[in-house]
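A.B. asks: Here's my sequence, what's the structure:
(2 chains)
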Amino acid sequence: MADDLLKMMQQWMAHLENNVGTTSDSDPFQPWWQLLKDQLATDDPLPPQQAELMALLTQQSLEFTRFAEQLINQLEQSGSHSEMNGLVNQFHNHLRGLTQEWILKRWQLPEQLGALFRTHSFQDDLLLDNPFIHGVKSLLNTPSILGLQHSLQRQLKEGVDLLIEYEQALRDYSAHYAEINTSATSRFLERIEQSSPAIDSLGQLHDLWVEAYESGYAERIATAGYRDAHGRISNSVMALRQFLQDLRNTQLQQLGIPNSTQLDLIFQRLNDQRRELKQLRREVAALSSLREEMEQFKRHSAPARKAGRNTPKRPKSEDKA
Amino acid sequence: MKGLKLNPDTIRDELSLFNQRLQQSYETLKTIDGVEVGTTPRTEIYRNDKTRLYHYTARGQAQTKTPVLICYALVNRPYIADLQPDRSLIAALLDQGIPVYLIDWGYPDEGDRYLDLDDYIEDYLDSCVTACAEHATSDQINLLGICQGGTFSLCYAALHPERVRNLIAMVTPVDFQTEDFILSHLAMKVDADLAVATYGNIPGEVLNDTYNSLMPMRLGVQKNLGLPAQLSDRDKALNFLRMEQWINDGPDQAGEAFRSFIQQFFQQNLLLRGEVRIGSKKVDLKAINQPILNIIGAHDHLVPPSSSRALEAATSSQDYNELCIKAGHIGVFVSSRALKQVPESIARWLKARD
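C.D. replies: The predicted structure follows:
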């Protein structure tokens, strides 16, 4: 079973255990409950595409259910005509959390740096004593006789600058999303007010939210400010990734191991040779075709020449006459 | 709050239904081993490096002497034109008696990062045109380009007008800087040189993320929440899985070709100015004087109609025709409604110009 699906199902089970307690036949979650139990016990895995899809569905369902339960509680406590501002704020905060999660996932740090920040907090002693830092230290400790230390120190400073740029780009980019969320919420409220007949299901409410969000989002991403922020975050993530690749290449080179720069050079040469070979083949094909045409021409003209040779020559005297 | 009448019992029922459907979805998915795509019978008739050319035989009496060569984009797989028997542009064209050939660019790997637009257009596309014409014993071909493949087809037709009898552009970007071309807005400030230096080939997932970011709620949260209703039915689940397979099967992009496409087309909009360079040649769209059929998706969020419509004024064609379909970018050649209209219109248009 895919790890994600397993994790999701376990979360669901925990949620049901915490919120539903014992299950009975009248419980709407009962079939689900049974299914999760069966699936967690089975050795018969789903194909990867289906397992991935189920993990996604389960996660979505878990979030949907959590939100719906909160809503039911609130409605039961304060009645159907209660003040909905609290609910909308809750919804807004929920979405802000989801958006931030999405942004961080989409523009995550390159693997090596991401792993460093995920595994160690800044208060953690291990922050300065982990494989990444060991790698950096070993680079800095390269004997200066190789003439590399200064350039490596420069590289590391560059890395810090790139990290700062990434941080600022991410902040700038997130600010656009905060504004998109705010604008979406106000459009959402406006549309609820204008709804006729009144919205009476979560599904409708959800669709209305999507419409409100997409309209504000479409306007925002068409602005020059968003275009700049998107370019900036894209470029800063790529620059960091490239920086780490360069660092790794330097290290591999020192160890005498071929690195990606050298591989690229080989690929480039192979590509040039591939093109030259194709060009030569085209020329050979053109020459062959020319030769074929000449052969055909010879074959056609040979009988005529032969016929010409077989024609009796007139005596010279006749020519003179 | 005015306009909102929620009550706990209704929500509880809704939640219960949602979870029942989720359970049904799960049961349905358990019964599906996998999905098949691109099932219309075909023969590979030519290959050049990773590029393949496939031939599909027209059903019944061929209605045109000149075959259709489909040139799809580099950014996704061409089997979307033959996703499943009842949603297949190719099968529908064959039913109309049109012989079809399809180019498959393959999946570029590390060794392909230096392939550029010259390789794709002047080598792969050109050699496929030759192979197609030879196989069909025809002097010319009808070129049908889809999305980026449409842009490639325009470049090819401008460079080799004598080889193309009729040109069909489907959801094709022409003016890359119209106000509502959101993808172009996003591409504008991205450093393509840095992208290629960093990734080599641009990963398919990076592009997929970009497409999804055009409508994050609709393509993310809303799509997922609607899934239980869709997946609880086996046929709908199969349709969905086929489409998902295609969406997640985006090949990596050869680095040099990507760089050139982003810079020349998106960032500098050189196609309309007649300044795109393919190898040593300049692409002048005014060299195109063939009949043109421009097929546009009225709700296309990837290539807005405004971008495709720029084709009308860009060429020298005296026989320009436009077909606007009420569909999105992919719906134009996949949705059942569009497939009732598009293949028949193409066949009629081609027969009149064969």
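A.B. asks: Could you tell me which residues of the stretch 151-300 of chain B lie near chain A?
C.D. replies: Where the stretch 151-300 of chain B comes near chain A, counting by C-beta under 8 Å from any C-beta of the partner chain, the residues are B:179-180, B:182, B:185-186, B:188-191, B:194-195, B:197-200, B:209, B:213-218, B:220-222, B:224-225, B:227-228, B:231, B:241, B:244-245. All C-beta spots, glycine's among them, are computed from the backbone N, C-alpha and C.
A.B. asks: And for the stretch 1-150 of chain B?
C.D. replies: With C-beta under 8 Å from any C-beta as the criterion, the stretch 1-150 of chain B comes near chain A at residues B:1-8, B:10-12, B:14-16, B:18-20, B:22-23, B:25-27, B:29-30, B:32-35, B:49, B:110-111, B:113-115, B:119, B:123.
A.B. asks: Repeat the analysis, applying 7 Å as the threshold.
C.D. replies: Remark: the part of the stretch 1-150 of chain B in contact with chain A comprises B:1-8, B:10-12, B:14-16, B:18-20, B:22-23, B:25-26, B:29-30, B:32-34, B:110-111, B:113-114, B:123, using C-beta under 7 Å from any C-beta of the partner chain.
A.B. asks: so after the longest helix anywhere in chain B, what's the next helix or strand?
C.D. replies: Under DSSP state H, the helix in chain B containing the largest number of residues is helix B:8-30. Tracing the chain past helix B:8-30, the next element assigned as helix or strand by DSSP states H and E is strand B:43-48.
A.B. asks: Could I have the CA atoms of that next one written out in CSV?
C.D. replies: Only the C-alpha atoms of strand B:43-48 are listed here, as CSV (Å, rounded to 0.1, in the frame of the first residue of the first chain):
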residue,chain,number,x,y,z
THR,B,43,1.5,1.1,-37.1
GLU,B,44,4.8,2.7,-36.5
ILE,B,45,6.1,3.6,-39.9
TYR,B,46,9.1,5.8,-39.1
ARG,B,47,11.5,6.7,-36.3
ASN,B,48,14.1,9.3,-35.9
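A.B. asks: For the chain, give me the ranges with low pLDDT.
C.D. replies: With no chain named, the answer covers chain A. Segments of chain A classed as low confidence (criterion: pLDDT under 70) are A:1-46, A:60, A:78-86, A:111-149, A:152, A:309-321.
A.B. asks: Let me rephrase: I mean chain B.
C.D. replies: Screening chain B residue by residue with the criterion pLDDT under 70, one finds the ranges B:1, B:220-222.
A.B. asks: so which residue of it comes closest to chain A?
C.D. replies: B:Lys189 (2.3 Å; C-beta to the nearest C-beta).
A.B. asks: Please report the distance of A:Gln153 from A:Gln253.
C.D. replies: Taking C-beta to C-beta, to the nearest Å as the measure, A:Gln153 and A:Gln253 are separated by 17 Å.
A.B. asks: likewise B:Leu74?
C.D. replies: Following C-beta to C-beta, the distance that separates B:Leu74 from A:Gln253 is 33 Å.
A.B. asks: When the two are compared, which one has more neighbours?
C.D. replies: When B:Leu74 and A:Gln253 are compared on other C-beta atoms under 10 Å in any protein chain shown, the one with more neighbours turns out to be B:Leu74, at 24 against 14.
A.B. asks: residues contacting the residue nearest to the more buried one when sequence neighbours are not counted?
C.D. replies: In space, and not counting its chain neighbours, B:Leu74 is closest to B:Trp105: 5.6 Å by C-beta to C-beta, 6 or more residues apart in numbering or on different chains. Applying C-beta atoms under 7 Å, 6 or more residues apart in numbering or on different chains, we find B:Trp105 in contact with B:Lys50, B:Thr51, B:Leu74.
A.B. asks: Mind checking what secondary structure B:Ala62 has?
C.D. replies: Secondary structure state of B:Ala62, per DSSP: H, G, I helix; E, B strand; the rest coil, is coil.
A.B. asks: That one: what's it in contact with?
C.D. replies: Here B:Ala62 is in contact with B:Gly97, B:Pro99 (criterion: C-beta under 7 Å, 6+ apart).
A.B. asks: mind running it again at 10 Å?
C.D. replies: By C-beta atoms under 10 Å, 6 or more residues apart in numbering or on different chains, the contact list for B:Ala62 reads B:Leu94, B:Gly97, B:Ile98, B:Pro99, B:Ala136.
A.B. asks: Which of those residues fall in helices?
C.D. replies: With DSSP H as the criterion, helices contain B:Leu94 from among those.
A.B. asks: out of the contacts of B:Ala62, who's nearest B:Tyr156?
C.D. replies: B:Ala136 (17.2 Å; C-beta to C-beta).
A.B. asks: and the closest one, how many residues sit next to it?
C.D. replies: When neighbours are counted by other C-beta under 10 Å, B:Ala136 registers 21.
A.B. asks: Isn't it up against B:Tyr56?
C.D. replies: No - under the criterion of C-beta atoms under 10 Å, B:Ala136 makes no contact with B:Tyr56, lying 11.6 Å away.
A.B. asks: any common contacting residues for the two?
C.D. replies: The contact sets of B:Ala136 and B:Tyr56 overlap at B:Pro67, B:Val68, B:Pro99, B:Tyr101 (C-beta under 10 Å, 6+ apart).
A.B. asks: Narrow these to those in strands?
C.D. replies: In this view, those that belong to strands under DSSP state E are B:Val68, B:Tyr101.
A.B. asks: Now render the shared contacts of B:Ala136 and B:Tyr56 as JSON lines, adding neighbour count.
C.D. replies: Shown next, in JSON lines, are the shared contacts of B:Ala136 and B:Tyr56 (neighbours: other C-beta atoms under 10 Å in any protein chain shown):
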{"residue": "B:Pro67", "neighbour count": "24"}
{"residue": "B:Val68", "neighbour count": "26"}
{"residue": "B:Pro99", "neighbour count": "24"}
{"residue": "B:Tyr101", "neighbour count": "27"}
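A.B. asks: Among the shared contacts of B:Ala136 and B:Tyr56, which one sits closest to B:Glu344?
C.D. replies: When those are ranked by distance to B:Glu344 (C-beta to C-beta), B:Val68 comes first, at 13.8 Å.
A.B. asks: Is that closest one in contact with B:Ile141, as I believe?
C.D. replies: Yes - assessed by C-beta under 10 Å, B:Val68 is found in contact with B:Ile141 at 7.5 Å.
A.B. asks: so what sits against both of the two?
C.D. replies: With C-beta under 10 Å, 6+ apart, B:Val68 and B:Ile141 have common neighbours B:Tyr101, B:Cys132, B:Asn166.
A.B. asks: can you map out the helices along the stretch 251-354 of chain B?
C.D. replies: If you assign secondary structure with DSSP state H, counting those that start in this stretch, the helices in the stretch 251-354 of chain B sit at B:255-260, B:270-273, B:305-309, B:311-314, B:331-334, B:336-351.
A.B. asks: mind saving the C-alpha coords of stretch A:262-279 as CSV?
C.D. replies: What follows is stretch A:262-279, C-alpha atoms only, in CSV (Å, rounded to 0.1, in the frame of the first residue of the first chain):
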residue,chain,number,x,y,z
GLN,A,262,31.5,17.3,-17.2
LEU,A,263,28.6,15.1,-18.1
ASP,A,264,26.8,18.1,-19.8
LEU,A,265,29.9,18.7,-21.8
ILE,A,266,29.9,15.1,-23.0
PHE,A,267,26.1,15.4,-23.9
GLN,A,268,26.8,18.6,-25.8
ARG,A,269,29.5,17.0,-27.8
LEU,A,270,27.4,13.9,-28.5
ASN,A,271,24.6,16.2,-29.6
ASP,A,272,27.0,18.1,-32.0
GLN,A,273,28.2,14.8,-33.4
ARG,A,274,24.6,13.6,-33.8
ARG,A,275,23.9,16.6,-35.9
GLU,A,276,27.0,16.3,-37.9
LEU,A,277,26.3,12.6,-38.5
LYS,A,278,22.8,13.5,-39.7
GLN,A,279,24.1,16.2,-42.0
